[in-house]
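K.L.:
Provided below are the primary sequence and the corresponding predicted coordinates.
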Amino acid sequence: MWFGYTTYMNLTIHKVVLPLRREIKTAKDNIFKRYTILIEVNLDGYCIWGEAPGFMNSNYMFETHDMLWTKLLSEGHLIFDAIKSRQLSHYCNQISHLPIFKYALDSIACQLDAINSGLPLMAHLGIVNQPFEGTAMMGIHSTESDYLRVLRLVSQMGYKGIKLKVTPHTLPVINSILAFALDQFDYVAIDANGSFDASNVDQLKLIPNQVVLEQPVM
């Protein structure tokens, strides 16, 4: 659903809100919608896109959705001038302190480089076609049976990887279903969103070595 947009010549900045089919519970938030910003560049018959996927609050990164939106509105004319003068990579080098903002523009710069080289993007990057197997993200649930039910559903959908949100309180339940998850998926990760500290970090030693641990502490 398009939430709004502001246009600079052939550079368009889209504010987008994506309602989720199911709520995702994490250690920090209950997520009902996902906000993001898309940057559209139309140049010489090409349509190029970049994304600035900031969160609504600063729990994860200091670059929030609103901060990125304000930054893009204030510097849209500078970004357009940099694209027009083929200086976007130079502009990106000046904003390394803003990693999400830089990421959005780096992706556009890469596509422009491919166009200038006369090659498709994959050939420009030296990439060959290969299967891409997605990883599903699973929010926090209350019981072991709830986890097993959703894990079976995700596996039946064809996903080869799973990432489970976790808190110190829910880790015992997660540990009880990890053997099943490892049997069903090629890749298993748990994401604590920085919810562990010195008082409970030793609980993480109970996690099997085959499981990837993401952001256990702040």
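P.N.:
Alright, I've got the coordinates.
K.L.:
C-alpha only now, for contacts and for neighbours.
P.N.:
OK.
K.L.:
where's the residue positioned nearest the centre of the chain relative to residue 154, distance?
P.N.:
Nearest residue to the geometric centre of the chain (C-alpha atoms, centre = their mean): residue 53, 6.5 Å. Shown here: residue 53 relative to residue 154, a distance of 24 Å by C-alpha to C-alpha, to the nearest Å.
K.L.:
over to residue 179?
P.N.:
Per C-alpha to C-alpha, residue 179 is found 16 Å from residue 154.
K.L.:
could you do residue 80 as well?
P.N.:
Distance of residue 80 to residue 154, computed by C-alpha to C-alpha: 42 Å.
K.L.:
show me where pLDDT drops low in the protein?
P.N.:
Along the chain, segments meeting pLDDT under 70 span 1-9.
K.L.:
the same query, at a cut-off of 90, please.
P.N.:
Scanning the chain for pLDDT under 90 picks out 1-10, 20-32, 43-45, 55, 57-61, 84, 128-134, 142, 218.
K.L.:
strands along that one, start to end?
P.N.:
For the chain, the strands defined by DSSP state E occupy 2-8, 11-25, 30-43, 46-52, 135-138, 161-165, 187-191, 212-214.
K.L.:
sheet partners, orientation included, of the longest one?
P.N.:
This points to strand 11-25. Taking DSSP bridges as the criterion, strand 11-25 forms sheet pairs with strand 2-8 (antiparallel), strand 30-43 (antiparallel).
K.L.:
pull out the buried positions in that strand.
P.N.:
When burial is assessed from 16 or more other C-alpha atoms under 10 Å, strand 11-25 yields the following buried residues: 11-16, 24-25.
K.L.:
one more: the third one?
P.N.:
For strand 30-43, burial by neighbour count (16+ other C-alpha under 10 Å) applies to 35-41.
K.L.:
in JSON lines, list these along with distance to residue 147.
P.N.:
JSON lines is the format used below for these (distance: C-alpha to C-alpha, whole Å):
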{"residue": "35", "distance to residue 147": "27"}
{"residue": "36", "distance to residue 147": "28"}
{"residue": "37", "distance to residue 147": "32"}
{"residue": "38", "distance to residue 147": "34"}
{"residue": "39", "distance to residue 147": "37"}
{"residue": "40", "distance to residue 147": "39"}
{"residue": "41", "distance to residue 147": "42"}
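K.L.:
quick revisit: for residue 106, which of the strands of the chain is the nearest?
P.N.:
Closest to residue 106 of the strands of the chain is strand 46-52 (C-alpha to C-alpha; 8.1 Å).
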